[in-house]
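**Q** What would the 3D arrangement of this be:
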Amino acid sequence: MRKRLFAALTALCLTLALLPTAASASAAKLAAPASCQCYTVAQQVTFTNGWYQVYPGTLTWKAVTGATHYRLTLYRDGKQIDTVTSYDTGYVEHDPSSDFFGNEDRESGTYVFGVAALGDGTTASDSAETKSAAWVYTKPSAKLAVPTGLGWNGRNPVFTKPAGAIGYMVRWYYAASAGKTPVSAGARAVQTDGDDTKISDHLALTDKEIQRRGQGYYYFKVRVLADVTKACNSDWSALSPAYSTAASSGGAAPAQEAGNPFTDVVKGQYFHDSVLWAVSKGVTTGTTATTFSPNATCSQAQILTFLWRAAGKTEPTAQSAYTDPAVVSSQYYYKALVWAQEKGVVTDAALAPNGGCTRADVVLYLWRLAGSPAASSAAFTDVASDAPYAQAVAWAVSKGITTGTGTATFSPAKTCTRGQIATFLYRYFNEK
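**A** Residues are numbered from 1 along each chain as shown. Take a look at the predicted model:
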């Protein structure tokens, strides 16, 4: 009996030892990313989560179910020259260009971009690499000017960006005391917001960063990024003046501006005055007690509600003619949307309240509210003369409501941000 039992147990152990492990059995190979595309000209692109301005060197692809991140590889003339890992897995399409091509100075040649989906090694293994079509790139002879006017506004690095900049990179430097040589403390890259011409509000020093490195003196260098088909990126600037934290300087931490509860709205930002005006007039509130989230995008319902409040919150007399079932009287935006129909601000009965509201939509609404006045055409390459919003854009420029997102672009299909809509409304209602 013992022998039979021992033999059975031995056989069972051998059988279990020969079975594949759970990880190897379940680690199925991920599908290779589809629709890998390199953009070679600046253009507006429709993504599932909105409209974006993309620039040459932008790589996009379709997300792969089960991927934890992606490996991006850059080839020039058949040789691998760069690779980065993108953790951007939340969208159907991905745009890591600010981490990849445009941040570096690239030489002329034939470029191919590759992307592979990476698994966790247990439930999924890495996919094969998908490659984009080849792009023949000629390095321009022009170079952007070095940024000037480096300084600080609170914890925000401030500098003046030269014409042609589509983004910027900042390198942080840190020293424990004034007498020590600053050492590198990381870098960040940001694509510009078209109306943000002086202050990099995306790059403020945070409490977390200061806690990680310690109290002391902080500095930065900056370079601006170009559309790589038109110019080369600027050289790095000289080191900025120091920002001293309270513990090292013996002084108090920068005080919050009186009458401004928002830590992400500081003097010098293009939307500063507009946001404080909008809040004081009851047009909008912050996203929390201490944040406004100026770079968050807005829905149609939000922007039409802001507009309705700024115009005096007139009670509508008609019934809703909207076909979207989300437009019901219990919603906060119901009166605003019905008012907008009565005023002729909105003419589309199929408007989706929770859909994104573009820059073109906003100026069109303001133009209609103003009575649809005639205006000469605006010199934007991305606004066709026969576009339904062309007159509205020209009028908005003539009234100083907007200046566009670049020297020759308006970005009509880009989703409007909270900072932008506050600025549009502030300029419109204070112009009247």
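
**Q** what helix or strand is the closest residue to P182 other than its chain neighbours on?
**A** Leaving aside its chain neighbours, P182 sits nearest to Y173 (3.7 Å; criterion: C-beta to C-beta, 6 or more residues apart in numbering). Where you see a C-beta, it was placed from the backbone N, CA and C, and this is true even at glycine. Assigned by DSSP states H and E, Y173 falls within strand 165-175.

**Q** and that strand, what does it pack onto?
**A** strand 183-191, strand 217-226 (3 or more C-beta pairs under 8 Å, 6 or more residues apart in numbering; DSSP states H and E).

**Q** for those, which one sits closest to F101?
**A** strand 217-226 (10.3 Å; C-beta to C-beta).

**Q** Kindly provide the whole-number mean pLDDT of the next helix or strand after that closest one.
**A** Proceeding N to C from strand 217-226, the next assigned helix or strand is strand 243-244, under DSSP H and E. Average pLDDT, strand 243-244: 84.

**Q** Mind giving me the packing neighbours of strand 243-244?
**A** Short answer (3+ C-beta pairs under 8 Å, 6+ apart): strand 243-244 packs on strand 217-226.

**Q** before we move on, the earlier item: can you put the helices and strands packed on strand 165-175 in CSV and add mean neighbour count, mean pLDDT and distance to K29?
**A** Below are the helices and strands packed on strand 165-175 laid out as CSV (neighbours: other C-beta atoms under 10 Å; pLDDT from 0 to 100; distance: least, C-beta to C-beta, whole Å):
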stretch, mean neighbour count, mean pLDDT, distance to K29
strand 183-191, 15, 70, 33
strand 217-226, 24, 86, 36
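
**Q** re earlier: neighbours of the residue nearest to P182, how many?
**A** Residues near Y173, counting by other C-beta atoms under 10 Å, number 18.

**Q** Please apply the same query to the one 4 residues further on.
**A** Under the neighbour criterion other C-beta under 10 Å, S177 is assigned a count of 10.

**Q** any idea how far it is from Y218?
**A** 12 Å (C-beta to C-beta, to the nearest Å).

**Q** Dump the helices and strands packed on strand 165-175 to JSON lines, plus distance to S377.
**A** Listed next are these as JSON lines, based on distance: least, C-beta to C-beta, whole Å:
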{"stretch": "strand 183-191", "distance to S377": "27"}
{"stretch": "strand 217-226", "distance to S377": "27"}
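
**Q** Compare those strands and report which one is nearest to S293.
**A** strand 183-191 (15.9 Å).

**Q** How many residues are close by P373?
**A** 12.

**Q** The closest residue in space to it that isn't next to it in sequence sits in which helix or strand?
**A** Nearest non-adjacent residue to P373, counting by C-beta to C-beta, 6+ apart: W395, 5.9 Å away. With secondary structure defined by DSSP H and E, W395 is part of helix 390-398.

**Q** next SSE after that helix?
**A** Heading C-terminal from helix 390-398 (DSSP H and E), you reach helix 418-431.

**Q** Domain ranges for the protein, per the record?
**A** 29-136, 148-248, 272-431 (automatic domain parsing).

**Q** nearest to N260, of the ones you listed?
**A** N260 sits nearest to domain 272-431 of all those, at 6.0 Å, using C-beta to C-beta.

**Q** Which residue ranges of the stretch 1-150 of the chain form helices?
**A** For the stretch 1-150 of the chain, the helices defined by DSSP state H, counting those that start in this stretch cover 2-18, 22-26.

**Q** looking at those, which one has the lowest mean pLDDT?
**A** Comparing mean pLDDT across those, the weakest is helix 2-18, with a mean of 41.

**Q** rewinding a little: out of the domains of the chain, which is closest to T263?
**A** Closest among the domains of the chain, once you apply C-beta to C-beta, is domain 272-431, at 5.3 Å.

**Q** Centre of the chain to that closest one, how far?
**A** On the basis of C-alpha atoms, centre = their mean, to the nearest Å, domain 272-431 sits 20 Å off its chain's mean C-alpha point.

**Q** Check stretch 158-170 too.
**A** Distance, centroid of stretch 158-170 to centroid of chain: 15 Å (C-alpha atoms, centre = their mean).

**Q** same check, this time on stretch 135-149
**A** Distance, centroid of stretch 135-149 to centroid of chain: 22 Å (C-alpha atoms, centre = their mean).

**Q** Can you give me the end-to-end span of it?
**A** By C-alpha to C-alpha, to the nearest Å, the extent of stretch 135-149 from end to end equals 37 Å.

**Q** can you pull the buried residues of it?
**A** Neighbour counts using 16 or more other C-beta atoms under 10 Å place W135, Y137, L144, V146, P147 of stretch 135-149 among the buried residues.

**Q** ok, these vs C36, which is closest?
**A** The closest of those, once distances to C36 are taken by C-beta to C-beta, is W135, at 12.2 Å.

**Q** which residues touch the residue nearest to P373?
**A** Residues in contact with W395 (C-beta atoms under 8 Å, 6 or more residues apart in numbering) are V363, W367, A370, P373, A375.

**Q** how far away is the last one from A340?
**A** Noted for A375: a distance of 22 Å to A340, by C-beta to C-beta.

**Q** go on, the fourth one?
**A** Going from P373 to A340 by C-beta to C-beta gives 19 Å.

**Q** what do you get for T381?
**A** Using C-beta to C-beta, T381 is found at 30 Å from A340.

**Q** quick one, which of those two is more surrounded?
**A** Shown here are T381 and A340; by other C-beta under 10 Å, A340 has more neighbours (26 against 11).

**Q** Shouldn't that one be within a strand?
**A** No: read with DSSP: H, G, I helix; E, B strand; the rest coil, A340 is helix and lies in no strand.

**Q** hang on, isn't it packed against A349?
**A** No: contact criterion C-beta atoms under 8 Å: A340 and A349 do not qualify, at 11.5 Å.

**Q** in which helix or strand would I find L307?
**A** Assessed by DSSP H and E, L307 sits inside helix 300-310.

**Q** Same question for R368.
**A** Using DSSP H and E, the element containing R368 is helix 359-369.

**Q** contact partners of that helix?
**A** So helix 359-369 is contacted by 300, 303-304, 307, 311, 340, 343-346, 373, 387-389, 391-393, 395-396, 401-402, 405, 410-416, 420-421, 424-425, 428 (C-beta under 8 Å, 6+ apart).

**Q** Pull out the buried residues from these.
**A** Buried members of those, counted by 16+ other C-beta under 10 Å: 300, 303-304, 307, 311, 340, 343, 345-346, 389, 391-393, 395-396, 401-402, 405, 410-416, 420-421, 424-425, 428.
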